[in-house]
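1. Please find the sequence and the predicted model below.
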Amino acid sequence: MSRPTLTQATGPAHSRILGIGGVRGELTVTNDDVAGPIDSSDEWIRQRTGIVTRRRAAAGTDVIDLAVEASVAAIADAGLTGADIDAVLLATTTYFHQTPAGACLVADRVGATPAAAYDISAACAGYAYGIAQADALVRSGAARNVLVVGAEKMSDFVDPTDRSISFLLGDGAGAVVVGPSETPGIGPTVWGSDGGQAHLITQTHSWKEAFEQQTPWPTLRQEGASVFKWASFQMAGVAERAMAAAGVTPDQVEAFIPHQANMRIIDQMIKQLKLPDTVVVARDIAETGNTSSASIPLAAERLLREGLVPHGAVALQIGFGAGLAYAAQVVVLP
């Protein structure tokens with residue numbers, strides 16, 4: 001018997017972001033609120049990070065709640081319903097269940113069942129990883145409309161006495177719907193990781209150790225100086241490659257939306273990239289804090305909502321963080 005030639009799915013030539021939504025934690029936490037346990041001050045935190053306040057969720061709000069609220073807004077902004085969503089990708093590191101995937105719960109709560117659903121664990125690069133996968137799913141014909149969510153409740157992993165990262169962190173979720181387009185709306189993704197430096201941003205210890213040895217709750221730590229150097233200088237090269245892959249030059253970029261890790265990192269990247277003054281730079285970190293995988297979509301949503309960039313603007317976005325994982329692409333905003 002001869003073997004059959006398989007049929008492969010094909011999709012549209014291009015994809016784009018159709019809609020966007022975001023939600024921040026209900027509570028506004030000032031620098032004075034977090035300065036005491038780390039023997040610091042409002043002035044020190046502002047100078048080192050650019051953060052004035054960070055948003056954190058109330059005790060009764062979990063990461064799935066945040067993800068669902070952002071997703072509902074993004075689906076509505078795209079002019080769709082949950083039934084139009086074929087796949088749900090949830091980028092998060094703060095969902096406490098190993099299984100089932102949080103994406104399955106999000107899909108159910110937004111009315112997307114039986115959409116394919118899975119989680120992405122790439123820390124602060126997770127949302128940009130999700131955009132790369134959504135673009136591929138749409139253009140391959142595997143899905144028509146893909147919901148990509150970055151959602152984190154980072155306050156669940158805060159050690160109030162830690163001076164390395166915990167005072168930076170906020171809670172929130174940002175979501176987009178990626179679907180077919182007649183013109184290119186998502187450029188090629190430049191991504192990667194460097195596990196040899198995974199120790200630079202990590203949990204204090206594993207969940208297994210916490211359970212078996214009755215140790216304190218795991219929290220996040222980073223080697224700040226090394227992370228700052230890596231992000232400020234090596235990630236600019238990744239962003240440059242993403243622009244080159246998309247066929248755009250810095251003067252053609254209308255918005256720069258980096259992961260909101262630290263204002264000093266953002267400023268250094270602008271210098272490295274030689275972005276002109278005409279480029280609008282996302283600085284959502286000042287009022288929201290570092291929300292890991294949620295930071296890029298939240299920053300983009302804010303730029304659009306406040307009219308700082310027009311709908312349809314060309315934006316360069318880059319995520320980078322624990323792993324060390326990173327991803328960058330040029331996108332057309334919805």
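-> Received, thanks.

2. Where do the helices of the stretch 151-300 of the chain begin and end?
-> 207-212, 224-229, 235-246, 263-273, 285-288, 295-305 (DSSP state H, counting those that start in this stretch).

3. So which of the ones you listed is the most surrounded?
-> Of all those, helix 295-305 has the most neighbours on average by mean count of other Cβ atoms under 10 Å, namely a mean of 25. Every residue, glycine included, has its C-beta placed from N, CA and C.

4. Give me the helices and strands touching that one, please.
-> Using 3 or more Cβ pairs under 8 Å, 6 or more residues apart in numbering; DSSP states H and E, the elements in contact with helix 295-305 are strand 14-24, helix 126-140, strand 146-153, strand 171-181, strand 255-258, helix 285-288, strand 314-321.

5. circling back: which one of the helices of the stretch 151-300 of the chain lies nearest to Ile17?
-> helix 295-305 (8.7 Å; Cβ to Cβ).

6. before we move on, the earlier item: got JSON lines for the helices of the stretch 151-300 of the chain, with mean pLDDT too?
-> What follows is the helices of the stretch 151-300 of the chain, written out as JSON lines (pLDDT from 0 to 100):
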{"stretch": "helix 207-212", "mean pLDDT": "88"}
{"stretch": "helix 224-229", "mean pLDDT": "93"}
{"stretch": "helix 235-246", "mean pLDDT": "98"}
{"stretch": "helix 263-273", "mean pLDDT": "96"}
{"stretch": "helix 285-288", "mean pLDDT": "98"}
{"stretch": "helix 295-305", "mean pLDDT": "98"}
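
7. For Leu18, see how far away Leu308 is.
-> 20 Å (Cβ to Cβ, to the nearest Å).

8. Which one's more surrounded, those two?
-> Ranked by neighbour count (other Cβ atoms under 10 Å), Leu308 and Leu18 place Leu18 first, with 22 against 14.

9. Show the pLDDT at the more buried one.
-> In this prediction, Leu18 carries a pLDDT score of 98.

10. Ignoring the adjacent residues along the chain, who's closest to it?
-> Once flanking residues are discounted, Leu18 sits nearest to Ala78: 3.8 Å by Cβ to Cβ, 6 or more residues apart in numbering.

11. Looking at the record's assignment, how would you partition the chain?
-> Taking automatic domain parsing as the reference, the chain has its domains at 14-181, 190-332.

12. closest to Met1 out of the ones you listed?
-> Nearest to Met1, of the domains of the chain and by Cβ to Cβ, is domain 14-181 at 28.3 Å.

13. how long is the closest one from one end to the other?
-> 5 Å (Cα to Cα, to the nearest Å).

14. how far does stretch 282-291 sit from the chain's center?
-> 12 Å (Cα atoms, centre = their mean, to the nearest Å).

15. what sits up against it?
-> Residues outside stretch 282-291 that contact it (Cβ atoms under 8 Å, 6 or more residues apart in numbering) are 24, 29, 49-56, 124, 150, 152, 154, 168-172, 255-258, 260-263, 266, 295, 298-300, 302-303.

16. so Pro184 makes contact with His14?
-> Yes - at 4.8 Å, Pro184 counts as touching His14 under the criterion of Cβ atoms under 8 Å.

17. What subset of the contacts of stretch 282-291 is buried?
-> For those, a burial check counting by 16 or more other Cβ atoms under 10 Å picks out 24, 29, 49-56, 124, 150, 152, 154, 168-172, 255-258, 260-263, 266, 295, 298-300, 302-303.

18. what's the closest non-adjacent residue to Gly323?
-> Closest to Gly323 by Cβ to Cβ, 6+ apart is Ser193, at 4.8 Å.

19. In contact with the one you found: list those residues for me.
-> Applying Cβ under 8 Å, 6+ apart, we find Ser193 in contact with Gly323, Leu324, Ala325, Tyr326.

20. Many thanks, I have nothing further to ask.
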